[in-house]
Every structure is written in C-alpha cells, then in structure tokens.
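In: What follows is a predicted protein model with its sequence.
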Amino acid sequence: MDKSIFETYAGLEAKALLEPVLRDFKGRAAVVSSFGAESAVLLHMVAAVDPSTPVIFLDTGKHFWETLHYRAKLIDRLGLTDVRSVSPDTEELATADPDGTLHKVNGDKCCHVRKTLPLQRALEGFDVVISGRKRYHGAARATLEFLSLADDRLKVEPLAGFSALDLDAYRKAHDLPQHPLTEIGYFSIGCEPCTVQGGSEVDPRAGRWAGTSKTECGIHWTHNGKDMPLEVTGRLSLA
C-alpha cells in the first residue's frame, strides 16, 4: 500500500478518522475487537458510521462467559450486522494444545494458535485493519500512531490518543453498557486462564498474564510487542 495514504487522513482521530476510512475502503476494512473492557467505545463509533462494517472476534475457546454475553448485548445494542466469530483450526488446536493446558507452559504459542493464526486467515482479502488500542496502556503501545502499515495493510488506531477519562466520558455520554467484569475490578479482559482482577487507570493491563513478562498476545505484533522469528504461515511448531 502506498505510504501517501497517510497524508489523506493526517490529523484525524476517533470518528473523524473512521468516517473517511470506512467510506474509502468499504468492504475492504475490518475491525478487530475483543469485546472487552473498553471495546464499546470504538464499536459505537463504527456502528454510527457503518453498522455493516465487518467486526472480527477471536473466539479462542477460553473466554469468560461474561465476555460472550457482553458481545451479544453490544451487537444488539449497537445494531452491528456483520460480527464474525473466528475460531482456531481444529487440527492445529489438536496438535498444539490437545488437553487445553498450553497456556500454562507456553503462553506465546497458545496465543499464536488460538489468536494469531485464525486472525491471519480471517483478514485475507482486507486492506485495512482497525483496532481500539491506546497509548495510555503503556509498554509497547505507548508510541502508537493513528496510522501505520504492516503486512501491506493499513492499520488504523482511532483511539490511540484517548485516555481513561476520555473513554469514561464517551461511555457516559452515549449510555454504553460496561463489561460486567469491570464492576468487580477487571481493567483489561482477555482469556479467562490468563486474566486476573487488577489493573488501574495508570496500568490497565496489569491483570493480563500477571506474574510473567508477557504483555501482548501477538495479533498486533509478532511476539509480545517485538519481532520474533516464528513461522506463522504453516503448522505451528512445538519445538
């Protein structure tokens, strides 16, 4: 993709960025959403622009039931008409994680087979990927740009500049429902085995992979916010 695309959308963020992107790339732009603690804000903006925009949800088989319930609630509330639940390949899962405990011994490989590989397949045919990451989450996200290029796709981060206060104000202004787990102390919500209560407005992701050095699942970067020489196009190696 031509880098001159950056000039087209320069200076735009939030809904003002989504409107021209979804117009110019209609049918070729997809949103990736976890339907987690902060997902309602981006999804509300997307629905206001075009509720038929494809939204990809990675159904890892390890989600909290509250997340699945919240997903259904948001879909109905926002009128989203093309939410796609994407699951791991059954053969890859049987090979890599036959007893469902891979997350205990190798979180990176578990995320790879349950998230990264399914997402790569789901994004085939799309030129634009939209996600709800923010700089205030810190670590590798602290320097997020609103627009970037990866794998010859345009990556759009409309909420990169939003703070926790911005998100809260938007939710209240639009009367958006909160993920039920946020009411009992979860600031960031991923798969159930790898998420604990915790976090804060300063460090919302503290409850993700707590007690380990892992901070990212790998769907936005190759490995934990950094490049990693791991084969991603074929079968997952357990070596």
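Out: Done, it's in. Numbers count the residues shown, from 1 in each chain.
In: all contacts plus neighbour counts: C-alpha atoms, from now on.
Out: Fine.
In: Show residues contacting the helix or strand where Asp168 lies.
Out: Asp168 is located in helix 164-173, with elements delineated by DSSP states H and E. Helix 164-173 is contacted from outside by 38, 40-41, 136, 177, 201, using Cα atoms under 8 Å, 6 or more residues apart in numbering.
In: Can I get the buried part of those residues as one PyMOL selection?
Out: Buried subset of those, written as a PyMOL selection, criterion 16 or more other Cα atoms under 10 Å:
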select buried, resi 38+40+41+136
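In: Could you tell me which residues within the helix holding Asp168 count as buried?
Out: Residues of helix 164-173 classed as buried by neighbour count (16+ other Cα under 10 Å): 164, 167, 171.
In: and Ser85, that's in a strand?
Out: Yes: under the criterion used here (DSSP: H, G, I helix; E, B strand; the rest coil), Ser85 sits inside a strand.
In: List the residues that contact it.
Out: The contact partners of Ser85, taken as Cα under 8 Å, 6+ apart, are 56-59.
In: Give me the pLDDT for it.
Out: pLDDT, the model's per-residue confidence, is 97 for Ser85.
In: circling back to that earlier point, ok, which pair from the contacts of Ser85 is furthest apart?
Out: Based on Cα to Cα, the longest span within the contacts of Ser85 runs between Ile56 and Asp59 and measures 9.3 Å.
In: Spit out the residues that contact the two alike.
Out: Contact with both Ile56 and Asp59 is made by residues 85-86, according to Cα under 8 Å, 6+ apart.
In: so how far is Asp59 from the residue most central in space within the chain?
Out: Taking Cα atoms, centre = their mean, the centroid of the chain lies closest to Ser33, which sits 4.4 Å from it. Distance of Ser33 to Asp59, computed by Cα to Cα, to the nearest Å: 11 Å.
In: re earlier: reformat the buried residues of helix 164-173 as TSV; add distance to Leu102 and pLDDT.
Out: Output for the buried residues of helix 164-173, formatted as TSV (distance: Cα to Cα, whole Å; pLDDT from 0 to 100):
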residue	distance to Leu102	pLDDT
Ala164	33	91
Leu167	34	96
Arg171	36	97
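In: could you dump those to TSV with distance to Ile5?
Out: Compiled in TSV, the buried residues of helix 164-173 are given as follows (distance: Cα to Cα, whole Å):
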residue	distance to Ile5
Ala164	29
Leu167	27
Arg171	31
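In: Name the nearest of those relative to Thr8.
Out: The nearest member of these to Thr8, counting by Cα to Cα, is Leu167 at 26.0 Å.
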